[in-house]
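1. Provided below are the primary sequence and the corresponding predicted coordinates.
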Amino acid sequence: LHTQVKARFYSASSSEAGCPRILITGGLGQLGVSLASFLRKRFGKDNVILSDIKKPPDYVFCSGPFVFVNVLDLENLRRVVVNNRVTWMLHYSALLSAVGEGNLHLAKSLNIAGLHNVLDVAGEYNLRLFVPSTIGAFGPTSPRNQTPDLSIQRPRTIYGVSKVHAELMGEYYCYRFGLDFRCLRYPGIISASSQPGGGTTDYAIQIFYDAVKSGKFECYLGPSTRLPMMYIDDCIRATLELMEAPAESLSMRTYNINAMSFTPAELAQEISKHVPEFRITYRVDPVRQAIADSWPMSLDDSTARKDWGWKHNFDLPELVTMMLNLHGCDTR
Ligand code: AKB
């Protein structure tokens, strides 16, 4: 059976030599539209296909190819991959940490059964597959400072459990069948172009909307809750750099990436330098606080830096200046 399956995986055709044809699943979440726009600049508009089960807003529809993909429908996924000559798949369909705890059934189905379909299709058609993982793949028994790539992973959310499963399944398909699986553990990603999507780190996005709109923000995490965070431009560049890295340079398939770590109080203080009247108050949500308290405060990403040259550009001051500018706040 092993040999048969392996032969089937290797015999599939690939147009890897030319420009990749890229499919992004879950493309209307927090990252997909910005990721597509970045990849389109690199590979051409028509080579990057966004997909989702939601109806896109007009500006997304007009900016490049968009198709309906439900990752729970294996035949639909196969059809889209074949009809569009897809060679890379970036799989972003998932329920995030906080919303996953509120909808266990959907989280299990989308984050686990959906991933199985994606792995099977990626294997059948010899795709290069990227699946984002997260700081949420660690748990309360993992080291919380400078968490290494290889460490105890006992997360306490369905989101975290499903991401550990994705890391292990992707690596299993890679080592057993030769699937070109690549994975990054993202910190909390901060962006201005889309609304937060049900995560625990969402406060660090919402705070900018509220600071500019009303000069105040009520935070659902306590003032000293330290978490690893990253500006979206760094996250997207890291993803492309990993996808383009020669396979020989990859000593592993799931890498930590790190940029900055801060608490709500530190973020508020940095915002106050630009918006002096800004005030933060705290009303702790026990569910999200427990999740945050079980996550690392920083990741050790030295292997990514060594293997494929990862380097972040944005620290806290640059992040805050950029976010306030994008929200129309003149910070000069
Ligand atoms: C979440 O908070 O659930 C996500 C993540 C850190 O993976 N932003």
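-> Arrived safely, thanks for sending. Residues are numbered from 1 along each chain as shown.
2. by proximity to the ligand, which residue of the stretch 151-300 of the chain wins?
-> Residue nearest to the ligand within the stretch 151-300 of the chain: Gly199 (2.6 Å; Cβ to the nearest ligand atom). No exception for glycine: its C-beta is placed from N, CA and C like everyone else's.
3. give the contact list for that residue.
-> Residues counted as contacts of Gly199 (Cβ atoms under 8 Å, 6 or more residues apart in numbering) are 30, 96-99, 188.
4. kindly recompute the last result at 10 Å.
-> Gly199 sits next to 30, 95-100, 134, 136, 159, 188-189, 205, 288, 291 when contact means Cβ atoms under 10 Å, 6 or more residues apart in numbering.
5. one more: Tyr220?
-> 98, 200, 202-203, 206, 264, 282-289, 292.
6. just the contacts of Gly199 that are near the ligand?
-> When Cβ under 6 Å from any ligand atom is applied, the members of the contacts of Gly199 adjacent to the ligand are 96-97, 134, 136, 159, 188.
7. farthest-separated two in the residues you listed?
-> Pairwise distances across those peak at 12.8 Å for Tyr159 and Gly188 (criterion: Cβ to Cβ).
8. which residues do these two both contact?
-> Common neighbours of Tyr159 and Gly188 (Cβ under 10 Å, 6+ apart) are 97, 134, 136, 199-200.
9. just give the nearest non-adjacent residue to Pro228, would you?
-> Nearest residue to Pro228, sequence neighbours excluded (Cβ to Cβ, 6 or more residues apart in numbering): Pro187, at 3.6 Å.
10. wait, the one you found touches Arg226, no?
-> No: taking contacts as Cβ atoms under 10 Å, Pro187 lies outside contact range of Arg226: 11.4 Å.
11. looking at the two, which is more packed in?
-> More crowded of Pro187 and Arg226, by other Cβ atoms under 10 Å: Pro187, with 28 against 19.
12. for that one, what are phi and psi?
-> The phi/psi pair for Pro187 (degrees, to the nearest 10) reads phi -70, psi -170.
13. likewise for Thr147?
-> According to degrees, to the nearest 10, Thr147 has phi -60, psi 120.
14. how much space between it and Val284?
-> Counting by Cβ to Cβ, to the nearest Å, the gap from Thr147 to Val284 is 24 Å.
15. looking at those two, which one has more neighbours?
-> Neighbours were counted for Thr147 and for Val284 using other Cβ under 10 Å; Thr147 has more, 25 against 15.
16. contact partners for that one?
-> 135, 137-138, 153, 185, 228, 256, 258, 295-301.
17. would you check how far apart it and the ligand are?
-> 13 Å (Cβ to the nearest ligand atom, to the nearest Å).
18. which residues touch the residue nearest to that residue when sequence neighbours are not counted?
-> Nearest residue to Thr147, sequence neighbours excluded (Cβ to Cβ, 6+ apart): Pro296, at 4.0 Å. With contact set as Cβ under 10 Å, 6+ apart, Pro296 has these partners: 135-139, 142-148, 151, 185, 187, 226-228, 256, 258, 261.
19. now do Arg288
-> Going by Cβ under 10 Å, 6+ apart, Arg288 touches 97-98, 101, 199-203, 220-221, 225.
20. please repeat the previous calculation with a cut-off of 6 Å.
-> Shown in contact with Arg288 (Cβ atoms under 6 Å, 6 or more residues apart in numbering): 98, 200, 220.
21. confirm that the first one sits in a helix.
-> Yes: assigned with DSSP: H, G, I helix; E, B strand; the rest coil, Ala98 falls within a helix.
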